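**Q** my questions concern the predicted model and sequence given below.
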Amino acid sequence: MTDKKRCFAVLTGGGDCPGLNAVIRAVVKTFLQNGCDVYGVHNGFNGLVNDNLQKMDYASVSGILPRGGTILGTTNRDNPFKFAIEQEDGSIIYKDMREKVLENLRKYDIEALVVIGGDGSLNIGAQLARECGIKVVGCPKTIDNDLPCTERTFGFDTAMAMATEALDRLHTTAESHHRVMVLEVMGRYAGWIALHSGIAGGADVILLPEIPYQLDSVIAKIEQRKAAGKNFSIIVAAEGAKPEGGEMSVARLVKGSFEPIRLGGIGEKVANAIEERTGIESRCTVLGYLQRGGSPSAFDRVLSTRYGVAAAEACLRGEYNVMVSLYHDQIVTVYIQKAAAKPRQVPVDSEIIRTGRQLGICFGD
């Protein structure tokens, strides 16, 4: 009589992100290498509620390492504790579907669940662990790099490289036409993408959520460059940047989403204000979802793979309700409750901010 195989499941939740497929590949291959069964859950937590699971094998993850997106699909709308159900009349009601999740996990005899996601997905994973007794291991995913308890999330390096390339291209137009070019980048309430790409791309002004800006300071930097013979300027604005004493720019409100407030519009706001005050032609480019798509960088492929292997290994040794984390270039585990806490912002007194200031970059303060 043979011993019963251990069985696990993996899902991707929230927004797509470069490196998701690399994590899935590493998770699946590690479980298979250790004689376990593994299921992929389609479309995030929706698949757990609606019994949309697929048994994975080596062929399932063949060739996906360099692919963007996620082969399992994802959603940032479905929370099993408040699951949206459309009625016949088109209205929406919300139901607690945790029992359905438990039923489906029991159906496939799944011992533990690997949740690859950002703060929203990890919060749901933490709640499943806390309130339902489900064994969970989290994997930190977000281009925003704003999850606590880890030094780097996968996807950030690729997004930063895309923003840097955009700045390189905007430089030529700005210089040729003597313009101020504003690049608005993602990041929500943290300025990691804006800060790193701004320094890498030679920006003159970087506006971050962590440092409320004064328009006078931004204009003073532009005028200083003009007096020195530089008839163009490059500004990077994080979508969550805000003026001193003002509010963040909201593009729209969305019901039923992990992210009901969608930020956007700060780049256009800054460009219009500069042109009105100085008369210098100013244009805004919103990089948007280009930062989230496409093939992951080599760094993100390696980090994603390390995270995936570490998440599967935590399951194999029975270390549950944790998130895998990068600490001093080592993969460690932290309690998932801590990892799903308040987003990690850029420290205003950090070495990298000081580096920018020494280069003469204006942060608007």
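**A** Now that the structure is in, tell me what you want to look at.
**Q** what separation is there between the residue lying closest to S217 once chain neighbours are set aside and T333?
**A** Setting aside the residues directly before and after it, S217 is nearest to G364 in space (C-beta to C-beta, 6 or more residues apart in numbering), at 5.2 Å. In this view, the C-beta of every residue, glycine as well, is placed from N, C-alpha and C. Look at G364 and T333: by C-beta to C-beta, to the nearest Å, they are 38 Å apart.
**Q** next one: the residue nearest to S217 from D204, what distance?
**A** From G364 across to D204, the span is 11 Å (C-beta to C-beta).
**Q** with A311 instead?
**A** For A311, the distance to D204 - C-beta to C-beta - is 41 Å.
**Q** looking at those two, which is more packed in?
**A** Higher neighbour count among A311 and D204: A311, with 30 against 23, using other C-beta atoms under 10 Å.
**Q** wait, doesn't that one sit right on V114?
**A** Yes - counting by C-beta atoms under 8 Å, A311 touches V114, with 5.0 Å between them.
**Q** now do the shared contacts for the two.
**A** Residues touching both A311 and V114 (C-beta atoms under 8 Å, 6 or more residues apart in numbering): 27, 137-139.
**Q** can you report how many residues neighbour I134?
**A** 22.
**Q** packing partners for the host helix or strand of V28?
**A** Per DSSP states H and E, V28 falls inside helix 20-33. Judged by 3 or more C-beta pairs under 8 Å, 6 or more residues apart in numbering; DSSP states H and E, helix 20-33 is in contact with strand 7-12, strand 37-41, strand 112-117, helix 298-316.
**Q** the second one pairs with which strands?
**A** Spelled out, that is strand 37-41. strand 7-12 (parallel), strand 53-55 (antiparallel) (DSSP bridges).
**Q** quick check: angle from the first one to helix 20-33?
**A** Compare the direction of strand 7-12 with that of helix 20-33 by axes from the mean of the first three to the mean of the last three C-alpha atoms, to 10 degrees and you get 180 degrees.
**Q** and the strands in the stretch 51-200 of the chain?
**A** 53-55, 83-86, 92-95, 112-117, 136-140, 180-185 (DSSP state E, counting those that start in this stretch).
**Q** residues contacting the closest residue to I266 other than its chain neighbours?
**A** Nearest non-adjacent residue to I266, counting by C-beta to C-beta, 6+ apart: S249, 4.3 Å away. Shown in contact with S249 (C-beta under 8 Å, 6+ apart): 239, 242, 263-266, 269.
**Q** contacting residues around stretch 51-66?
**A** The contact list for stretch 51-66, computed with C-beta under 8 Å, 6+ apart, reads 9-10, 21-22, 24-25, 28-29, 32, 37-43, 46-47, 71, 104, 107-108, 295-296, 301, 305.
**Q** from the residues you listed, list the buried ones, please.
**A** 9-10, 21-22, 24-25, 28-29, 32, 37-43, 46-47, 71, 104, 108, 295-296, 301, 305 (16 or more other C-beta atoms under 10 Å).
**Q** give the next helix or strand downstream of the least confident helix or strand in the chain by mean pLDDT.
**A** In the chain, no helix or strand scores lower on mean pLDDT, DSSP states H and E than strand 250-253, which sits at a mean of 71. Using DSSP H and E, the helix or strand that directly follows strand 250-253 along the chain is strand 261-263.
**Q** now do that following strand: which elements does it pack against?
**A** Strand 261-263 is packed against strand 250-253, with contacts defined by 3+ C-beta pairs under 8 Å, 6+ apart.
**Q** what's the helix or strand for the residue nearest to E319 when sequence neighbours are not counted?
**A** In space, and not counting its chain neighbours, E319 is closest to T333: 6.1 Å by C-beta to C-beta, 6+ apart. Here T333, judged by DSSP H and E, is contained in strand 330-335.
**Q** which residue is nearest the middle of this protein?
**A** Central residue of the chain (C-alpha atoms, centre = their mean): T142, 1.9 Å from the mean position.
**Q** wait, what's in contact with F45?
**A** Residues near F45 by C-beta under 8 Å, 6+ apart: 11, 13, 75, 78-80, 101, 121, 124.
**Q** which of the helices and strands packed on helix 20-33 is buried the deepest?
**A** Highest mean neighbour count of the helices and strands packed on helix 20-33: strand 112-117, a mean of 28 (counted as mean count of other C-beta atoms under 10 Å).
**Q** got the angle between that strand and helix 298-316?
**A** Using the same axes, to 10 degrees, the direction of strand 112-117 lies 160 degrees away from that of helix 298-316.
**Q** strand partners of strand 112-117, parallel vs antiparallel please.
**A** Checking strand 112-117 against DSSP bridges gives partners strand 7-12 (parallel), strand 136-140 (parallel).
**Q** do you know which of the strands paired with strand 37-41 lies nearest E276?
**A** strand 7-12 (43.9 Å; C-beta to C-beta).
**Q** avg pLDDT for that closest one?
**A** The pLDDT scores in strand 7-12 average 97.
**Q** what sits up against it?
**A** Strand 7-12 has contacts (C-beta under 8 Å, 6+ apart) with 20, 23-24, 27-28, 31, 36-41, 44-45, 47-48, 53, 56, 70, 72-74, 105, 108-117, 141, 312, 315.
**Q** check stretch 102-111 too.
**A** With C-beta under 8 Å, 6+ apart, stretch 102-111 has contacts from 6-9, 39, 48-49, 51, 53, 113, 132, 134-135, 315.
**Q** change it to 10 Å
**A** Contacts with stretch 102-111, where a contact means C-beta atoms under 10 Å, 6 or more residues apart in numbering, come from 4-9, 36-39, 41, 47-53, 55, 80, 97, 112-113, 128, 132-135, 315-316, 318, 320.
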